[in-house]
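Asks: Generate a structure from the sequence data that follows.
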Amino acid sequence: MVHVRKRYLLAIAIMVLLAGCQAVPPAGSPASRPAQPTDELAMALRAQGKLVEAANEYLRLSVTVGAAQADSYRLEAVALLLEANALARAQALLLQPLSPLASRELQQRQDLLRATLALAEQRPAAVLSILPETFALEAAPQHAAEAHRLRAQAYRQLQQYLDAADEHVQLELVLLDAEAIRANRQNLWHALGRLDPEALAHYASAPPATLDGWIELAALSRNALSDPAAFLMAIDAWRAHYPRHPAGEETVPELIALSHGQTAHPRHLALLLPFDGPFANAAEAIRDGFLAGWFSDPSPLRPTVIIRSTASASIPDLYREVIDAGADYVVGPLDKPAVMAVSRLPDLSIPTLALNYVPPHPMQPASMDSGPPSSAPETPSRLYQFSLSP
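Replies: Below you'll find the predicted structure:
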């Protein structure tokens, strides 16, 4: 019996020992490593529009990972804070240095975020200092594109519109998406629209060929309505001089359509002006001049006119109201806040001639989760802007 009991106890001991060995996986095996933190929650919060909460989650994750990944998470938090306009927190995080082993790509992204912050703080000279011309030459394509966008917006803030246009020319060289290219050309055209005819004539001989073509076209476009015949002859000469210029794809056909009167002779026109407040006198003068010209026009094509006041009105509601009333062309608004409201409408279904100018909408900083910045047009393509008031 003693030998049987010993063999029984020995068998139990061996079973326990084997079970214990199976419960402890080898060091370094997947089962022995702790689960790595993920950014799924941060991505979900961002998708819900909870930008600050998503930034906080990235910052929480940054203290649970290695140095390189921590840098990446911290910069992702900065991008979200900038998008949320939490500039002070973004600045504090940008003051923290990257780890000594940070990749060149992370260093470039930090510079882009510093430039985005400077642009938001209306410090355009700082943007150009952070992102010199050589930055785009040394950066990856997506970072080069963002650098050109930021530099173009900085030049706009400095009212150096020719330099802004040149940045858009350089930006097209690194864009691949057709919609992004189209939007970039629109923004280039808007920048040139801020130059007066004398400035366009002065600069026409200096820039590189592509920008030179844009400038010459902008100068020609000033005659599209006043002298359509001369404009069309000039366009033929322009096309011969710039046979493969990017403006020939969309901008030139649009200008030709304008000169032919396809948008110059509406049937129902809405005049939107602020008849109360600081711009009331200017609004009345514009209305009186407009009506004087209307009454003196004997043409049977003379449009009917709808006149509405924008003072204390909801601009989106007013815009929809005149469209529902049959307007196929809008002139106005006059004051900058109203023009800004029109420029932010999701879809301008009819041509609109604003009587003031507002700068393009600022670009949101890029997020590593969401891909490159949006390439949507900074101002709608049907919005034409002329500055008649400060």
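Asks: domain assignment for the protein?
Replies: 43-191, 195-259, 268-360+378-385 (automatic domain parsing).
Asks: For the longest one, what is the distance to the chain centroid?
Replies: This means domain 43-191. What separates the centre of domain 43-191 from the centre of its chain is 12 Å, taken as Cα atoms, centre = their mean, to the nearest Å.
Asks: Comparing the domains of the chain by mean pLDDT, which bottoms out?
Replies: The minimum mean pLDDT among those belongs to domain 195-259 (a mean of 77).
Asks: That one: end-to-end distance?
Replies: End-to-end span of domain 195-259 (Cα to Cα, to the nearest Å): 21 Å.
Asks: Okay, and the nearest residue to residue 219 once chain neighbours are set aside sits in which element?
Replies: Nearest in space to residue 219, with sequence neighbours left out and distances taken as Cβ to Cβ, 6 or more residues apart in numbering, is residue 200 at 4.1 Å. Quick note: C-beta positions are derived from backbone N, CA and C, even for glycine. Assigned by DSSP states H and E, residue 200 belongs to helix 197-203.
Asks: Packing partners of the following helix or strand past that helix?
Replies: Using DSSP H and E, the helix or strand that follows helix 197-203 in sequence is helix 209-221. Counting contacts by 3 or more Cβ pairs under 8 Å, 6 or more residues apart in numbering; DSSP states H and E, helix 209-221 packs against helix 161-172, helix 178-192, helix 197-203, helix 228-241, helix 251-259.
Asks: Could you rerun that using 7 Å?
Replies: Where contact means 3 or more Cβ pairs under 7 Å, 6 or more residues apart in numbering; DSSP states H and E, helix 209-221 is packed against helix 161-172, helix 178-192, helix 197-203, helix 228-241.
Asks: isn't residue 172 right next to residue 180, touching?
Replies: No - using Cβ atoms under 7 Å as the test, residue 172 is too far from residue 180 to be in contact (8.9 Å).
Asks: Looking at the two now, which is surrounded by more residues?
Replies: It is residue 180, of residue 172 and residue 180, that has more neighbours when counted by other Cβ atoms under 10 Å, with 20 against 16.
Asks: Just give the number of residues close to residue 237.
Replies: For residue 237, the neighbour count with other Cβ under 10 Å is 11.
Asks: which residues touch it?
Replies: For residue 237, no residue meets the contact criterion (Cβ atoms under 7 Å, 6 or more residues apart in numbering).
Asks: Also residue 341?
Replies: By Cβ under 7 Å, 6+ apart, the neighbours of residue 341 are 315, 316.
Asks: Apply 6 Å and report the result again.
Replies: Counting by Cβ atoms under 6 Å, 6 or more residues apart in numbering, residue 341 touches residue 315.
Asks: Is it within a helix or a strand, and which one?
Replies: Here residue 341 is assigned to helix 336-343, by DSSP H and E.
Asks: Over to residue 358?
Replies: With DSSP H and E as the test, residue 358 turns up in no helix or strand.
Asks: how close does it get to residue 299?
Replies: Per Cβ to Cβ, to the nearest Å, residue 358 is found 33 Å from residue 299.
Asks: now do residue 136
Replies: 52 Å.
Asks: Those two: which is more packed in?
Replies: residue 136 (22 against 7).
Asks: can you confirm that one is in a strand?
Replies: No - read with DSSP: H, G, I helix; E, B strand; the rest coil, residue 136 is helix and lies in no strand.
Asks: excluding its backbone neighbours, what's nearest it?
Replies: Nearest one to residue 136, counting by Cβ to Cβ, 6+ apart, is residue 144 at 4.0 Å.
Asks: Checking my notes, that neighbour in a strand, right?
Replies: No - per three-state DSSP, residue 144 lies outside any strand segment and is helix.
Asks: Could you check how far it is from residue 170?
Replies: Note on residue 144: its distance to residue 170, by Cβ to Cβ, is 9 Å.
Asks: now swap in residue 286 and tell me
Replies: Distance of residue 286 to residue 170, given as Cβ to Cβ: 39 Å.
Asks: just the helices in the stretch 1-150 of the chain please.
Replies: For the stretch 1-150 of the chain, the helices defined by DSSP state H, counting those that start in this stretch cover 2-23, 40-47, 51-62, 67-83, 87-94, 104-120, 124-130, 133-138, 141-157.
Asks: Out of these, the one nearest residue 315 is which?
Replies: helix 141-157 (23.2 Å; Cβ to Cβ).
Asks: Now do the buried residues in the closest one.
Replies: 142-157 (16 or more other Cβ atoms under 10 Å).
Asks: for stretch 167-181, same thing?
Replies: Using 16+ other Cβ under 10 Å as the test for burial, stretch 167-181 gives 167, 168, 169, 170, 171, 172, 174, 175, 180, 181.
Asks: Could I get those residues in TSV, plus columns for distance to residue 334?
Replies: TSV is the format used below for the buried residues of stretch 167-181 (distance: Cβ to Cβ, whole Å):
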residue	distance to residue 334
167	30
168	28
169	32
170	35
171	32
172	34
174	38
175	35
180	32
181	33
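Asks: ok, those residues vs residue 342, which is closest?
Replies: residue 168 (23.0 Å).
Asks: In contact with that closest one, which residues?
Replies: Neighbours of residue 168 in contact, by Cβ under 6 Å, 6+ apart: 152, 184, 187, 188.
Asks: if we can go back for a sec, following the helix holding residue 341, which helix or strand comes up?
Replies: Next element after helix 336-343 (DSSP H and E): strand 352-354.
Asks: For that following strand, name the packing helices and strands.
Replies: strand 383-385 (3 or more Cβ pairs under 6 Å, 6 or more residues apart in numbering; DSSP states H and E).
Asks: how about the helix or strand residue 320 falls within as PDB, C-alpha atoms only?
Replies: Per DSSP H and E: residue 320 is located in helix 315-324. Extracted as PDB, the C-alpha positions of helix 315-324 are listed here (Å, rounded to 0.1, in the frame of the first residue of the first chain):
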ATOM      1  CA  ILE A 315     -28.500  86.000 -44.700                       C
ATOM      2  CA  PRO A 316     -29.000  82.300 -45.500                       C
ATOM      3  CA  ASP A 317     -32.800  82.700 -45.100                       C
ATOM      4  CA  LEU A 318     -32.800  85.900 -47.200                       C
ATOM      5  CA  TYR A 319     -30.700  84.300 -49.900                       C
ATOM      6  CA  ARG A 320     -33.100  81.300 -50.100                       C
ATOM      7  CA  GLU A 321     -36.100  83.700 -50.100                       C
ATOM      8  CA  VAL A 322     -35.000  85.600 -53.200                       C
ATOM      9  CA  ILE A 323     -34.100  82.400 -55.000                       C
ATOM     10  CA  ASP A 324     -37.600  81.100 -54.200                       C
END
